[in-house]
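Asks: Here you go, sequence then predicted model.
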Amino acid sequence: MTQNGRDLALSVPVVSCVFICHDDQGRILLARRGPGARDEPGSWDTGAGALEHGESFESAVAREVREEYLADALDMEMVGVRNVLRGDPVSHWVALVFAVKVDPVEVAIGEPHKFDGLGWFAPDELPSPLHSQVVETLALFGANAAGTTPAAPAARRAGPGRVAPRPARRRR
């Protein structure tokens, strides 16, 4: 019997590829979690998905962007890593965080059973409520609630609980 990522994360760390889609004009894409979402319905979130066996990080991100937003990843850059421990009992995720450029014209809800809204937001005009993991994720991207600019160099430096990434770029 195969366990899903969430169940497996209760017994071993699971690798998750988190992505912050942007339009390269300073806006980020967030999805509102619908009633069918596994946690925090009604909150706004970035995209994410579990790494599948034998899959590269970049392939996982491209696949998940297509599944969740029906768009192609035009450019991607790894911006950091998070060690995420959540809940009781604790689920454990190793989250590789990517910035992904997409064409806003292509974006649509690809998983209506998980999401019921999409929106493009300036970093200083984020919607509420945000998913519990979004602020730390956006801090790696450089677009946190304080309104710093996307991909700010300071966001790439290591800080408490963060690992300085080795940026990887993929262009199409």
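Replies: Arrived safely, thanks for sending. Numbering: from 1, shown residues only.

Asks: Please count neighbours and contacts with C-alpha atoms only from this point.
Replies: Noted.

Asks: By mean pLDDT, point me to the weakest helix or strand of the protein.
Replies: Least confident helix or strand of the chain, by mean pLDDT, DSSP states H and E, is strand 169-171 with a mean of 42.

Asks: Buried ones in stretch 33-52, by neighbour count?
Replies: For stretch 33-52, the buried set under the neighbour-count rule, 16 or more other Cα atoms under 10 Å, comprises 33-34, 37, 40-51.

Asks: ugh, wrong one, I meant stretch 19-36
Replies: 19-23, 27-34.

Asks: And stretch 93-109, by the same measure?
Replies: For stretch 93-109, using 16+ other Cα under 10 Å, the buried residues are 93-102, 104, 107-109.

Asks: Could you list which residues are in contact with Asp72?
Replies: Ala62, Val65, Arg66, Val102, Asp103, Glu106 (Cα atoms under 8 Å, 6 or more residues apart in numbering).

Asks: quick one: contacts for Ile20?
Replies: Ile28, Leu29, Leu30, Thr46, Gly47, Val97, Phe98, Ala99, Val100, Leu138, Phe141.

Asks: Check pLDDT for those residues and point me to the minimum.
Replies: Across those, the bottom pLDDT score, 92, is held by Phe141.

Asks: re the thing from before, strands - which of the buried residues of stretch 33-52 land there?
Replies: Judged by DSSP state E, those include Arg33, Trp44, Asp45, Gly47, Ala48, Gly49, Ala50 as members of strands.

Asks: In CSV: the buried residues of stretch 93-109, plus secondary structure and distance to Leu85.
Replies: Converted to CSV, the buried residues of stretch 93-109 look like this (DSSP: H, G, I helix; E, B strand; the rest coil; distance: Cα to Cα, whole Å):
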residue, secondary structure, distance to Leu85
Trp93, strand, 7
Val94, strand, 9
Ala95, strand, 10
Leu96, strand, 14
Val97, strand, 16
Phe98, strand, 19
Ala99, strand, 22
Val100, strand, 24
Lys101, strand, 28
Val102, coil, 29
Pro104, coil, 32
Val107, coil, 30
Ala108, coil, 30
Ile109, coil, 28
